[in-house]
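> generate coordinates for the sequence data below:
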Amino acid sequence: MHILVPSPNKPSTDTGRPKSLCYLQASEAKQRGEITESEYFHHLFAHCTWAGEEHEDDEKCLVNGINWALLDADPLAYLICCWAQRMDPVDDATPFEDVFKAYRNGGVAEVEAALNALSKPDHVREFRRMLAMLALQERRADVLKMCSDAGGFSYDSYFQDEANRLDPNKDPETDKVLEESDFRKIYPRKRWIPWEERGAKKKKEEERDSGEKSDGEDEDNDDWEFDIAAFDEGGEFEINW
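Alright, predicted model coming up:
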């Protein structure tokens, strides 16, 4: 993974932070208000460039190839992290940052223009996936509709989870976009289960399974492999639009 030094718009005041941040550091710094959203995306997309330094913390966070801490804290940053690992590095990540500047400061037309400025069709597809995740999180129906109408990408399990979390009574416009999209044809609405309840259920299942194992049986279990597949960046099923 490769990192550029911060862009010129970074405040000149010395905050004591390193010049470049790993994914989780950038996410946490943004949540604490220590960096702006623009700086946050700069640190994330710097991983997509040829130049710069590597971050040991990015590797330390991996468990069986999955950055679970990042996935739990920031699904959007996790999407970017997964994409950066499989894409060909670029010289300049500014066009990537511009997409999210357009999202934050403009409307659908501005976002489309920023997407069209990207050099490769597969980049456009991946950024629609990222924008769909962010638009769903922020209940921004117009951008979510733009992305879902264009399609061309799979819906990850954490997108499905966020969609099930949505309350139709509180966010009817976003719910309408989802219900009229191909997403709902493939993934019907399910009751959203709080993480605490999932953890308790998982613990009971593990206790039950451990009680059923014989002394000589291999302790590796298939549940772990299933969990990894469920949270893979490409989702469980690829969609051909």
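
> for this structure, what spans make up the helices?
In chain order, the chain shows helices spanning 23-31, 37-45, 56-60, 68-73, 75-86, 94-105, 108-116, 121-137, 141-150, 157-165, 172-179, 182-186, 195-212, 222-230, with DSSP state H as the criterion.

> return the set of buried residues in the second one.
What it means is helix 37-45. Within helix 37-45, the residues scored as buried using 16 or more other Cβ atoms under 10 Å are Glu39, Tyr40, Phe41, His42, His43, Leu44, Phe45. Where you see a C-beta, it was placed from the backbone N, CA and C, and this is true even at glycine.

> in stretch 172-190, what counts as buried?
Going by neighbour count (16+ other Cβ under 10 Å), the buried part of stretch 172-190 is Thr174, Asp175, Val177, Leu178, Ser181, Phe183, Tyr187.

> what about it, average pLDDT?
Taken as a whole, stretch 172-190 carries a mean pLDDT of 94.

> contact partners of it?
Here stretch 172-190 makes contact (Cβ atoms under 8 Å, 6 or more residues apart in numbering) with 136, 139-141, 144-145, 148-149, 151, 155, 160, 163-164, 166-168, 237, 239, 241.

> what subset of the residues you listed is buried?
Using 16+ other Cβ under 10 Å, the buried ones in those are Leu136, Arg139, Arg140, Ala141, Leu144, Lys145, Ser148, Gly151, Tyr155, Gln160, Ala163, Leu166.

> quick one, what contacts the second one?
I take that to be Arg139. Applying Cβ under 8 Å, 6+ apart, the residues near Arg139 are Leu166, Asp171, Glu173, Thr174.

> if we go to 6 Å?
With contact taken as Cβ atoms under 6 Å, 6 or more residues apart in numbering, Arg139 is in contact with Asp171, Thr174.

> got it, and Leu70?
Applying Cβ under 6 Å, 6+ apart, the residues near Leu70 are Tyr23, Leu24, Ala77, Tyr78.

> and those, which two are the farthest apart?
Leu24 and Tyr78 (9.6 Å; Cβ to Cβ).

> contact partners for Lys30?
Tyr40.

> ok, now how distant is it from Leu76?
The spacing between Lys30 and Leu76, counted by Cβ to Cβ, to the nearest Å, is 11 Å.

> and for Lys120?
Lys120 sits 20 Å away from Leu76, going by Cβ to Cβ.

> those two: who's more crowded?
Set side by side, Lys120 and Leu76 show more neighbours around Leu76, with 19 against 11, by other Cβ atoms under 10 Å.

> that one and Lys204: what is the separation?
With Cβ to Cβ as the criterion, Leu76 and Lys204 are 31 Å apart.

> for Lys176, same thing?
37 Å.

> again, but for Asp91
51 Å.

> closest to Ala113 out of the buried residues of stretch 172-190?
Within the buried residues of stretch 172-190, the smallest distance to Ala113 is 21.1 Å, found for Val177 (Cβ to Cβ).

> hmm, which helix or strand of the chain has the shakiest average pLDDT?
The weakest-scoring helix or strand in the chain, judged by mean pLDDT, DSSP states H and E, is helix 222-230 (a mean of 40).

> and the closest residue to Ala132 other than its chain neighbours, what is it in contact with?
Of all residues not flanking Ala132 in the chain, Cys147 sits nearest, at 3.9 Å (Cβ to Cβ, 6 or more residues apart in numbering). Listed by Cβ under 6 Å, 6+ apart, the contact partners of Cys147 are Arg128, Leu131, Ala132.

> burial count for the first one?
Number of residues near Arg128 (other Cβ under 10 Å) recorded here: 23.

> tell me which of the buried ones among the contacts of stretch 172-190 is nearest to Ser210?
Gln160 (29.0 Å).
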